[in-house]
Each structure stands twice: as structure tokens, then as C-alpha cells.
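J.: Next comes the sequence, and after it the predicted model I'd like to discuss.
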Amino acid sequence: MKFTLLFLILVCVTSFGKPKVIVTTSVGSHPESVTGSTDFIFVSNMGPKADLGLSGDGYISKLSKAGELLDAKFLPADTSSSSRLNSPTGMQVVGDTLFVNDVSRILGFSLSSRRLIAEWDLSEFGVTFLNDMTSIRQRYLAVTATEQKAIFILDTQTEKAIQLKVSEPLAFVNGIAFDEKTTYLYLNQNLAATIGKDDENGEVLALQFVGSMRSAKVVWKRKGAGKFLDGLSLLGDGSLLLSDWGGWGNDGNFRRVFPALSSPIKSLPVGLKGMADFYYDPSSRRIYVPQLTEGLVTAFQF
């Protein structure tokens, strides 16, 4: 049985081909993250300046799964001070709610009414840049705070947030994903916040919660994972897919790794600039990649 499982995994590793571009959509400005619901794709946009200030010019676009731009500025519908988005980044859809990181805040918007229905401010923790986000058991949100080299856990029911205590110091954390099957919390990080370093700059880790969700230990780590890692997603077959900027040119690529194996990390060059926090749609096996520096979203078929 173990031999059969190992054989199947090895077949997956060796047969994984180059992804094919399906469609490229212009969304303007600086798209940072993509997520999806059953029927639609949502793209967070940091606005014309792409800074972490309180400019109020950020927005979220709505696309069809075929890549058609349905509403360039779907959110926020209400541009009042509390609903405005400054530089939205990582997102997650849970039921009818789209949660989004925005500098030091986590906001929740109803997808049906397009109204702001929840808001949490993490500035009390000294947070200046909330980056990626993942949902845990439809109740908790785990978010990366890149500049603080930290992870925060938000309980959306009690509305309390804590900084996760990790067994070893973290670096510049970025992409994050929770595996409901193994209960591992996967994340990638860069040792230096500089684009264009060698492959030793990027690392990918697995955390396991200890007792409650207030602390976790590092149970697995792979070094030399990429030049500048950004997005991370579970592919459902035991592997992780990472996006790597590579540099400032058209040298972006995907990195695929099987945590259960010691096989080399697979590099899949796709020739994109600014590959940020992508979304993997398991129903169609498509991956939607925001190109932060180009104002584009490119969809690949795997």
C-alpha cells in the first residue's frame, strides 16, 4: 500500500507539465491577490500608487471564471470612510462573505449586498502590512504580517485576534494555506525582502498547532525554494504550488513541492512579471495569477 501511494506520487511529480495560458484580463493598476467563489473570481487591487498608505483608492474587481471582467470596481460599493479600501491584498471567501486584508485591517463584505459587514483593526499589534489570508474550519482566519514577520489568528465568532506563537523565528512571511486533511498550516517566506536574490532566499514551512490555536511548531521546512516567493496553494494531491517573482523581468515561475517527499522542487517557468498571490480553482484546475506590476490577471490550465 505504501509502495503504491509512493508510486502514484512519483508519477504525479514526473508528469506535471508546463501550464497553458487560457486568457489574460486587464484589471488596471496593481492587482495583488485573487480568490474565488463557486461562480466568480475576485481580484484585489492596491490602486494606482500600490503603497501601504491610507489613500482610499484600492478596490476589488469581479471576473467570470472564463476571465471576463464583469465589474472593475465591484467593491467597495459604498465609498464612505469606513468602507473604503486603501491597499487590499489577501482574500478569502467564506459563504457569502469576502474577507480581505487592507494594510492593518481585516474587512468582511457581503457578496450579495456588497456592504461592509465586519471590520477588525490589528494596528494595536503594530501591524503595518497584512498580506495573505487563509480560512480555517470556516471560522478562523490566519493572516501573514510580512513586515512584522508574524502570523495572526482571528476568530470571526468571538472577534478576537492573537499573534500566533511559533516554535522558531519567522522571516518575511507571505503566502499561507491551511490543509483541512492534515491540519497543517503551510506558509512561504523570504529571508530577505528583496526581489531577485538566489533560490536560497525562499523557504516553505508546515506548522502544526499545539493544543489550542495560540501556538504552533514548525514540523517541516524546505529551504532553497525560490528567489522571491509570493502566493501558495494546495493542489489537492499532497503537493504545494508557489509563485516566484524570480526578478523584475519576465522570469516569474511556479514552484511545486511535495512535503512528503525529498524530491527536488519543480520549477515551471511561465514568463510573467510580478506573479503575486494566485488562486487555484480545483473544479476547473485553473490557476488565476495577478501580475502586480502589469495590471493583468492571467489564467492557466493545468
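T.: Arrived safely. Numbers count the residues shown, from 1 in each chain.

J.: Now do the same contact list for Ala225.
T.: 188, 199, 202-204, 242, 255, 257, 265 (CB atoms under 8 Å, 6 or more residues apart in numbering). Every residue, glycine included, has its C-beta placed from N, CA and C.

J.: did I read that right, Val270 in a strand?
T.: Yes. The assignment for Val270 is a strand, going by DSSP: H, G, I helix; E, B strand; the rest coil.

J.: rewinding a little: tell me the one of the contacts of Ala225 nearest Gln157?
T.: Asn188 (28.3 Å; CB to CB).

J.: now the residue nearest to that closest one when sequence neighbours are not counted: how far from Val297?
T.: With sequence-adjacent residues excluded and distances taken as CB to CB, 6 or more residues apart in numbering, Asn188 is closest to Leu229, at 4.1 Å. Distance, Leu229 to Val297, by CB to CB, to the nearest Å: 19 Å.

J.: Same check on Gly126?
T.: From Gly126 over to Val297 (counting by CB to CB), the distance is 32 Å.

J.: Likewise for Asn131?
T.: According to CB to CB, Asn131 and Val297 sit 18 Å apart.

J.: And those two? Which one has more around it.
T.: Per other CB atoms under 10 Å, whichever of Asn131 and Val297 has more neighbours is Val297, with 25 against 22.

J.: what's the helix or strand for that one?
T.: Assignment of secondary structure by DSSP states H and E places Val297 within strand 296-301.

J.: Quick one: list the elements packing against that strand.
T.: With contacts taken as 3 or more CB pairs under 8 Å, 6 or more residues apart in numbering; DSSP states H and E, strand 296-301 sits against strand 20-26, strand 31-36, strand 286-291.

J.: Parallel or antiparallel, list what pairs with it.
T.: Using DSSP bridges, the strands paired with strand 296-301 are strand 20-26 (antiparallel), strand 286-291 (antiparallel).

J.: still on that earlier bit, JSON lines please, covering the helices and strands packed on strand 296-301 and showing mean neighbour count and mean pLDDT.
T.: Shown next, in JSON lines, are the helices and strands packed on strand 296-301 (neighbours: other CB atoms under 10 Å; pLDDT from 0 to 100):
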{"stretch": "strand 20-26", "mean neighbour count": "14", "mean pLDDT": "97"}
{"stretch": "strand 31-36", "mean neighbour count": "26", "mean pLDDT": "98"}
{"stretch": "strand 286-291", "mean neighbour count": "25", "mean pLDDT": "98"}
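
J.: could you dump those strands to JSON lines with distance to Ala66?
T.: JSON lines is the format used below for these (distance: least, CB to CB, whole Å):
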{"stretch": "strand 20-26", "distance to Ala66": "7"}
{"stretch": "strand 31-36", "distance to Ala66": "12"}
{"stretch": "strand 286-291", "distance to Ala66": "10"}
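
J.: which residues in the stretch 151-300 of the chain form strands?
T.: Counting by DSSP state E, counting those that start in this stretch, the stretch 151-300 of the chain has these strands, from start to end: 160-163, 165-166, 172-178, 184-190, 202-209, 215-222, 229-234, 240-244, 252-257, 266-272, 279-281, 286-291, 296-301.

J.: So, low pLDDT: which residues of the chain?
T.: 1-17, 197 (pLDDT under 70).

J.: Was I right to think Phe172 contacts Ala192?
T.: Yes. Assessed by CB atoms under 8 Å, Phe172 is found in contact with Ala192 at 7.4 Å.

J.: neighbour-wise, which of these two wins?
T.: Neighbour totals were compared for Phe172 and Ala192, and Phe172 leads with 23 against 13 (other CB under 10 Å).

J.: ok, the more buried one to Leu141 distance?
T.: On the measure of CB to CB, Phe172 and Leu141 end up 20 Å apart.

J.: got it, and Gln301?
T.: 30 Å.

J.: Looking only at neighbour counts, state which of those two leads.
T.: Higher neighbour count among Gln301 and Leu141: Leu141, with 23 against 12, using other CB under 10 Å.

J.: Which residue comes closest to the more buried one once chain neighbours are left out?
T.: The shortest distance from Leu141 to any non-neighbouring residue, by CB to CB, 6+ apart, is to Leu154 (4.4 Å).

J.: With Ser81 instead?
T.: Gly56 (8.0 Å).

J.: Wait, that neighbour touches Ser82, no?
T.: No. Distance between Gly56 and Ser82: 11.0 Å, which falls outside the contact criterion (CB under 8 Å).

J.: Between those two, which is the more surrounded one?
T.: Gly56 (15 against 10).

J.: mind listing what the more buried one touches?
T.: Per CB under 8 Å, 6+ apart, neighbours of Gly56: 79, 81, 84-86.
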